[in-house]
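Trainee: structure here, sequence nowhere to be found:
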């Protein structure tokens, strides 16, 4: 009995210790050893995001929740649990007799990989307050925590109120799936000491409460658009001099039932410390995968945080699937082409699950909707497809599948998705190559009205798709099909380099079209250029118009008109003839500003060609005149493909100028501070040139082989990339330039794999681990084991 009593006493003590530890865990304490980034004061009135894969919250860095966004006008902020919205936001207010203060004008904002904090200081009241929040993984809710500190020598007594503004409404295109919004109805629930709000005609719920017992509750006026409900929880607080108190508010929702919402609320409350630590630990693991160390610490930091941004963009709707979304706040749903770029980067930084889940989602929805291999362009989180697919999505899917297969070597993966590739290429040519010249017709990446003829990017991605599909077919023993695909790819490469090339402009053409179509496009473009005050562009287009009128053609021909960024895709895919490529890369520099590449070259402004940042934000957002990260990344990849890593690095450095420019820890879609504050394809623009080209990692997981051909920019005299997952192996590459000679050390976890290290330097090194030979001016060191090295 005495032994049993001792055991019970011990368990009781351990339980009390555990409870105390849990009670002491706060978001702020968990963030003390996490590297955060403080925002700029001039961008406090701009958006931030706290993200989970089920729920995310968008507000302003100053702590307010204005109506923002344009896709659903004024509704893209607040708290979302796709396919519904939960809340427009909340207000936290401190009240004294005859005085009040709201937490909507923060002095500073700090972003962390998995959480964020707003700092407030009310000196006349002697109060310092931190508001922090995070969203647990796989959970339809979030926690918002206040740490209130009495910085005065006097006792403080005040009232605290938390007002939640519900807005239970469907996501974009809800009407297509019979999701019709109705008025929200709120009830105070004594059992949870909080509010439960329901959409009157739908099983959509949101609820919220606090870790401290409330002493009042009330309905409040709702100033937001829509038909939501505003509901207040009130508390009386007393603080001694230099005392602090923590209160945690929990918000949870469900688009199925009240019971599910309340269960989530209680789970977050009960397991808050565990959920917080689990997310923190998971993000630490994200940081360690494909870990970059270089002399440029700003670029190094950017690369690390883009891995976090990738995770912010994963969206799960169990009834439909999981996949990466394009961007927050206005594109929080699934896209074909955005994913086809981004997933290549996701794979390179070790985020495999996101890759496989997104491919599965795109493939299944495309098959159900189209059934012919055509890949969808855009689908809302309620399952409604807005655009069943542009032309470029289908060939780019083929290249995505091939590149992921190089990383995983999984034959079953190839067998599963090759039928979609095969059907897609058949549809691409039979339904879209109307004149049977090998170039499909229709919209590609540039969605300009009337620009839907034979586009350069569609042609290039089609060529690459057939080249990649030929390799896949050969692996799957479809030899005749492989030969057919390869023949098409060879022919298309030759035709692109002849039919699309313009010697007059030293550039590949935007498109091949008829004179009539081009004259219409010129008239529209002149109006655009005149509106933007671009006299040089008007002059150039008028000259092109005169050339067409003086030299008419009854057949379609190539035109350089808009100088769209897609003219660089022949170099991005490495199919441009070298002589043409080098000319085109020089021409491309005319359409670059301090942050990167203009989407449409005729929109370039006085910042073109400059390296100094003289940027001033325009008063109204527009994509016209935009400089974007994807075109800039494409140019970096293009430069590397033709042995110009210093030029490639220049593009990365330009993009990096927009990192943390507006939202600390993130990079906007439109550089430096417009559009989506987090954008999926940014990781393609960094991971591909860094992993595949600077470090030269060419995976061949099916053969358990990795070829490494470093091509470092001159500024990187020392660099490492660690913990790169390839199949069932992980490699780390350490590079150092010693007296102009590259020393490379490669380590791997699976010693059965073969590493082939290729260096252009052929001088005898001081130390080699592996078998060394020289072939055509290239030193090759090949071997298995845990280390392969060339040391000078």
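Mentor: Right, received. Where do you want to start? These figures come from a predicted structure and were not determined experimentally.

Trainee: centroid residue for the protein?
Mentor: residue 680 (1.9 Å; CA atoms, centre = their mean).

Trainee: isn't that one right next to residue 332, touching?
Mentor: No. Using CB atoms under 8 Å, residue 680 is not in contact with residue 332; the gap is 10.7 Å. No exception for glycine: its C-beta is placed from N, CA and C like everyone else's.

Trainee: overlap of the contact sets of the two?
Mentor: Contact criterion CB atoms under 8 Å, 6 or more residues apart in numbering; residues shared by residue 680 and residue 332: 325, 326.

Trainee: state the distance from residue 675 to residue 315.
Mentor: Noted for residue 675: a distance of 18 Å to residue 315, by CB to CB, to the nearest Å.

Trainee: looking at the two, which is more packed in?
Mentor: Taking neighbours as other CB atoms under 10 Å, residue 675 and residue 315 compare with residue 315 leading, 26 against 19.

Trainee: quick one, what contacts residue 482?
Mentor: Neighbours of residue 482 in contact, by CB under 8 Å, 6+ apart: 470, 471, 473, 474.

Trainee: cutoff 7 Å now
Mentor: Residues near residue 482 by CB atoms under 7 Å, 6 or more residues apart in numbering: 470, 473, 474.

Trainee: least trustworthy helix or strand in this structure by mean pLDDT?
Mentor: Between all helices and strands in the chain, the lowest mean by mean pLDDT, DSSP states H and E belongs to helix 2-24, at a mean of 43.

Trainee: so, low pLDDT: which residues of the stretch 601-750 of the chain?
Mentor: In the predicted model, the stretch 601-750 of the chain carries pLDDT under 70 at residues 606-621.

Trainee: in it, which spans are helices?
Mentor: Applying DSSP state H, counting those that start in this stretch to the stretch 601-750 of the chain gives helices spanning 629-641, 645-656, 682-687.

Trainee: out of those, which comes closest to residue 599?
Mentor: With CB to CB as the criterion, residue 599 lies closest to helix 629-641 of the helices of the stretch 601-750 of the chain, at 5.9 Å.

Trainee: what angle separates that closest one from helix 645-656?
Mentor: Angle of helix 629-641 versus helix 645-656, following axes from the mean of the first three to the mean of the last three CA atoms, to 10 degrees, is 170 degrees.

Trainee: SS state for residue 362?
Mentor: Using DSSP: H, G, I helix; E, B strand; the rest coil, the structure places residue 362 in helix.

Trainee: quick check: the residue nearest to the centre of the chain touching residue 343?
Mentor: No. Residue 680 is beyond contact range of residue 343, at 8.6 Å (criterion: CB atoms under 7 Å).

Trainee: just the closest of the contacts of residue 482 to residue 416, please.
Mentor: When those are compared against residue 416 (criterion: CB to CB), the nearest one is residue 473, at 14.8 Å.

Trainee: against residue 666, how distant is the nearest residue to that closest one once chain neighbours are set aside?
Mentor: Spatially, and ignoring its direct neighbours in sequence, residue 473 is nearest to residue 482 (3.8 Å; CB to CB, 6 or more residues apart in numbering). To residue 666, residue 482 is 43 Å away according to CB to CB.

Trainee: show me the contacts for the residue nearest to residue 638 when sequence neighbours are not counted.
Mentor: Excluding the flanking residues, the one nearest residue 638 by CB to CB, 6+ apart is residue 571, at 3.3 Å. If you count contacts by CB under 7 Å, 6+ apart, residue 571 has them with 581, 584, 585, 638, 641, 642.

Trainee: please redo it, this time with the cut-off set to 6 Å
Mentor: Residues counted as contacts of residue 571 (CB atoms under 6 Å, 6 or more residues apart in numbering) are 581, 638, 641.

Trainee: buried stuff in the top strand by length along the chain?
Mentor: If you go by DSSP state E, the chain has its longest strand at strand 156-170. Buried residues in strand 156-170, counting neighbours by 16 or more other CB atoms under 10 Å, are found at 156, 158-170.

Trainee: for the helix or strand containing residue 207, name the packing helices and strands.
Mentor: Following DSSP states H and E, one finds residue 207 within strand 205-210. In terms of contacts (3 or more CB pairs under 6 Å, 6 or more residues apart in numbering; DSSP states H and E), strand 205-210 is packed against strand 194-199, strand 244-254, helix 258-288.

Trainee: out of the ones you listed, which one sits most buried?
Mentor: Most buried of those, by mean neighbour count (mean count of other CB atoms under 10 Å): strand 194-199, with a mean of 24.

Trainee: what does that strand contact?
Mentor: With CB under 6 Å, 6+ apart as the test, strand 194-199 has contacts from 166, 168, 182, 184-189, 205-209, 229, 231.

Trainee: most neighbours, which of those residues?
Mentor: Top of the contacts of strand 194-199 by neighbour count (other CB under 10 Å): residue 166, with 35 neighbours.

Trainee: ok, that residue - contacts?
Mentor: Residue 166 is in contact with 87, 184, 197, 206, 228, 229, counting by CB under 6 Å, 6+ apart.

Trainee: got it, and residue 210?
Mentor: Applying CB under 6 Å, 6+ apart, the residues near residue 210 are 247, 249.

Trainee: give me the element residue 575 is part of.
Mentor: Here residue 575 is covered by no helix or strand, with elements defined by DSSP H and E.

Trainee: near it, how many other residues are there?
Mentor: Applying other CB under 10 Å, we find 21 other residues in the vicinity of residue 575.

Trainee: how about it: what's its closest non-neighbour residue?
Mentor: residue 493 (5.0 Å).

Trainee: so where does that neighbour fall, helix or strand?
Mentor: Here residue 493 is assigned to helix 479-499, by DSSP H and E.
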